[in-house]
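In: Below are the sequence and a predicted model for it; my questions follow.
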Amino acid sequence: MAEPGVKRRTRSSVITARAAASFEPEGRSVAAARAFVRDTLQGWGFTDVVDDAVVLTSELVTNAVIHAGTAADVLCLRTDEGVRIEVADHYPEREVPVQGSGQPFVAPDRENGRGLLLCAALASRWGVEYSPAHKHVWFQLDLPERPVGTRHAGPALPPGLLPVADERVRVAVVQVDPGGAIVSWNDDAEHLFGYGSDQVVGKHLGDFAAWPHTPGTGTGLAEALLLSRWEGSYGLRCSDGRVIPVYASHLRVRDTQGEPSTVCLLVRDDERAVLQTPARTTTTGADSPGEGRAPDPFDVFIGTPAPDDLDSLLQRTVERARDMLDGDAAFLLLATDDETELEVRASTGLPSARQRFARVPVEAGTSRYASARMPAVHEDLTAVPGAVPLLTGTGMRSVVTVPLKVEGRLTGSLGVAAEAAGRYANEEALRLQFAADRIALAVESARLGELERLRRGSLSFLVEASDLLAGTLDRDQTLALMAQMTVPTLATWCAVYTIADQASDPYLSYVLHEDEERIDGVKELLSGIAPPEPVPTPGARIWKAPADAAHRAALRTSMDELDQDSAAPLSSGINTTLATATAVGGETVVLPLVARNRVIGMLTLGKPSDDHFRQEILELAEDLSRRAALALDNARLYSERVAISQSLQRSLLPPGLPQIQNVEVDVIYRAAGEGNEVGGDFYDVFPIRDSAYGFAIGDVCGTGPEAAAVTGLARHALRLLAREGFGGPAVLERLNAAILDEGARSRFLTLLYGELWPQEDGSALLKVVCAGHPLPLRLRQDGTVEPAADPQPLLGVMEDLELYEQTVTLDPGDVLLCVTDGVTERREGSRMLGDEGLAEVLRACTGLTAGAVAARVLRAVERFAAEPASDDMAILTMRVPEPHHQ
């Protein structure tokens, strides 16, 4: 039945495709489910709803496999309206919090149940259904309505109001195959971008495109090339390295054989009117205002653009504002939510690329953007220097600015400037204000739509980032992930500084640039300047040192080149230095990496020359830095723990093996796991007195510090007691008493202890005691394998032990094999190697040296099962060589 208060699923939509997958109740299933949904929706071309679908699926699958501990079944259904996704688990008796049902709705900060809150917030429709064995949570995401291409006829305009273009308009025609490789490149493309067709044909268009990429906004180049029609702006890298803004119109076509390809028409961005599809305008015949009167040219151009296409709307606005007032430049800035700053978002006739996303204060003052809340006219900027910082150094003399307001709240500022003084008066300000009032609501609506998409994209980005960071405890890999997640998504280049402790200086640990050829130059430049101060204050702060150092280096290199003999060839050093200066010449910000109330490093993000970060990106980077700091500190703690464990493990093993006359001795020790736990297996071979040696191999129950304490006690007590002259039984009985004295900290111990005396006839005499340990095996020269001792009680359990020792003589060619239970208890499914399996391996070792026997046993154990060993292993072999081997 359906849960009351939750919308029921509609079944009227026609299902045109489906995809299903099941995921086991384990942590990595959440990432696998996200990848499945992302790949499925992208394959269907539903890129508009991918981020929302991935976030919702992640939360619902997490509820199933993590919180409920059951498998999750994910079903994706494509309909003519959009996409419906169902997530089913096998725990149907759980209550579902539903608004209006009398149950308290789950708190947003709780993990369990948050998926239903997100469904209510993001999905077009959603619901919950129960069956006897499953619970289904489903949601539907409707595709946004897309206007199809229409024919359009504009009004007749006077020449002065027509779009401006060069005398010879050049339209580049580029055709790419389904894989994105260029197959055709016309003469206008060669003229515009500097590449001949032989230089580009066969290469991917993405190698030349500077595609804008902001999390959650826009469409990727590969996706745009697969759409039936696409139109918009991006950049193309020319042969001289410059990036030219272009306006593009893509059309997907098929040839006579049915093979698809994409035809791309490209013009310079300032000539976009050549290709740009005019927005559809609505006319109502007699109801049209001012019949018989020429329409307002600003209103004609703006029309009714899509409210969520913010960049196109802003760019169209500044171009029409400039044309309407016959200006030389125009600009539009958007206000922050608190109305304290304005952010440059669009301009024309200005070096807009270097000003984009730059911020200036709203209120008037020295070197501040004056009169942002009221219309203002500056007849001559030379008389009021700094009144409009955006125009400093541009040659503009007169400017008119007007505010954009919605319901009395400042949302932006629109300005038009001219190179001549005295061009504008109050009349122009009124005309521009009228236009600003007409566009303010559309701009605000589009801005809010962009922020919502960015928020959703940011949420998806952080989900993926958290998953990646949680997947490793390796410090170097964590540093690499931090950089790779920020470049190029958030920044052009990134550097990570780490701080070992409070007394240490920041250390440059990792550098990444989107162009691999620039990494060494950026690293060299950053290594030559003082690192940023480790300030714990949250948020991004500007760091000017890299840009200043780059500019100084570029100037110094240029001067050195000019001082050279004019006849000498110029070196490539200036090119490298200038490229590095360009790479780090923009805005650079530093975010502290704070974990457990301590600054453990800094995340530094940078842009190329004169570029700026938008505030939303900085906020996203701040969220990422908090997650990255905790992951980096966890990796540090884990590394320290591993180092301590490995050091402790080494201290519990002998530093070396003694040389014993006429006896070969070899040991192989393998610790299981990742080395972060101290194991309980140990061994020792040591001299007792002249011509007498002790040997031991044991296994303490458990791992960790308690097991390590018993291991250390056992190894050192054995040496001490043996050298005091005690025999084997007495040594083990006293060791047993010492273990029991540890009380609650004690651990039981299995131990094989023996003493060895080389004999003059070439044999070796052994006296052994086997206290609960796997029995030692003796391999005779004829291939016979037999136990060399009887089993006796283990240590650390009973107080009164009565142990005895057994005498074994190893003849020349004999081998004694001693192992821990990690060898004999090696398993694969229901099979176990066991004592018989070990004996079978040993029978095949006749004639081998002690080291070869140990190696063959280890190889047999490793090959017994495909999975890595789950228990420590120690293998001790002793062999008496045959006379001709001596």
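Out: It's in.
In: Tell me the buried residues in stretch 624-644?
Out: Using 16 or more other Cβ atoms under 10 Å as the test for burial, stretch 624-644 gives 624-636, 638. Backbone N, C-alpha and C define where each C-beta goes, glycine included.
In: Same check on stretch 827-836?
Out: residue 833.
In: what's the answer for stretch 129-148, then?
Out: Applying 16+ other Cβ under 10 Å to stretch 129-148 flags 129, 135-142 as buried.
In: Could you tell me which of the buried residues of stretch 624-644 are located in strands?
Out: Under the assignment DSSP state E, those contribute nothing to strands.
In: Narrow those to those in helices?
Out: Among the buried residues of stretch 624-644, the subset assigned to helices under DSSP state H consists of 624-636, 638.
In: for the helix or strand containing residue 477, packing partners?
Out: Using DSSP states H and E, residue 477 falls within helix 475-486. Applying 3 or more Cβ pairs under 8 Å, 6 or more residues apart in numbering; DSSP states H and E, one finds that helix 475-486 contacts helix 426-470, strand 493-498, strand 507-513, strand 598-606, helix 615-651.
In: Please repeat the previous calculation with a cut-off of 7 Å.
Out: Applying 3 or more Cβ pairs under 7 Å, 6 or more residues apart in numbering; DSSP states H and E, one finds that helix 475-486 contacts helix 426-470, strand 493-498, strand 507-513, helix 615-651.
In: Put together JSON lines for the ones you listed, with distance to residue 272 on each row.
Out: Listed next are the helices and strands packed on helix 475-486 as JSON lines, based on distance: least, Cβ to Cβ, whole Å:
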{"stretch": "helix 426-470", "distance to residue 272": "18"}
{"stretch": "strand 493-498", "distance to residue 272": "30"}
{"stretch": "strand 507-513", "distance to residue 272": "31"}
{"stretch": "helix 615-651", "distance to residue 272": "26"}
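In: winner for burial among the ones you listed?
Out: Neighbour counts (mean count of other Cβ atoms under 10 Å) averaged over each of the helices and strands packed on helix 475-486 peak at strand 493-498, with a mean of 24.
In: then it to CSV, C-alphas only?
Out: Extracted in CSV, the C-alpha atoms of strand 493-498 (Å, rounded to 0.1, in the frame of the first residue of the first chain):
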residue,chain,number,x,y,z
TRP,A,493,46.0,25.8,-10.8
CYS,A,494,46.3,24.6,-7.3
ALA,A,495,49.0,24.2,-4.6
VAL,A,496,48.7,22.4,-1.3
TYR,A,497,50.9,23.4,1.6
THR,A,498,51.1,21.1,4.6
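In: Residue 332 and residue 414 touch, don't they?
Out: Yes: contact criterion Cβ atoms under 7 Å: residue 332 and residue 414 qualify, at 5.1 Å.
In: quick one: common contacting residues for these two?
Out: Here residue 332 and residue 414 share the contacting residues residue 317, scored by Cβ atoms under 7 Å, 6 or more residues apart in numbering.
In: mind listing the helices for the stretch 251-400 of the chain?
Out: Ranges of helices in the stretch 251-400 of the chain, per DSSP state H, counting those that start in this stretch, are 297-302, 310-324, 352-355.
In: mean pLDDT lowest for which of those helices?
Out: Looking at the helices of the stretch 251-400 of the chain, the lowest mean pLDDT belongs to helix 297-302 (a mean of 46).
In: Now do the helices in the stretch 101-250 of the chain.
Out: Ranges of helices in the stretch 101-250 of the chain, per DSSP H, counting those that start in this stretch, are 114-122, 187-193, 197-200, 221-226.
In: Distance to residue 500 added to the buried residues of stretch 624-644, as a markdown table?
Out: Converted to a markdown table, these look like this (distance: Cβ to Cβ, whole Å):
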| residue | distance to residue 500 |
| --- | --- |
| 624 | 22 |
| 625 | 19 |
| 626 | 20 |
| 627 | 21 |
| 628 | 17 |
| 629 | 15 |
| 630 | 17 |
| 631 | 17 |
| 632 | 12 |
| 633 | 12 |
| 634 | 16 |
| 635 | 13 |
| 636 | 9 |
| 638 | 15 |
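In: if we can go back for a sec, just curious, which of the buried residues of stretch 129-148 is nearest to residue 820?
Out: Nearest to residue 820 among these: residue 135, at 47.9 Å, using Cβ to Cβ.
In: Could you report the pLDDT at the closest one?
Out: We have a pLDDT of 80 for residue 135.
In: Kindly report the same for residue 718.
Out: pLDDT, residue 718: 91.
In: same thing with residue 197?
Out: pLDDT, residue 197: 91.
In: ok, and the closest non-adjacent residue to it?
Out: Distances taken as Cβ to Cβ, 6 or more residues apart in numbering place residue 185 nearest to residue 197, at 4.1 Å, with adjacent residues excluded.
In: So in terms of bridging, what pairs with the one you found?
Out: residue 174 (DSSP bridges).
In: from what I can see it touches residue 202, true?
Out: No: with contacts counted by Cβ under 7 Å, residue 185 stays clear of residue 202, the gap being 10.3 Å.
In: Name the residue in these two with the higher neighbour count.
Out: residue 185 (22 against 10; other Cβ atoms under 10 Å).
In: hmm, back to that, quick one, which of the helices and strands packed on helix 475-486 gets closest to residue 866.
Out: The closest of the helices and strands packed on helix 475-486 to residue 866 is helix 615-651. By Cβ to Cβ, the value is 25.4 Å.
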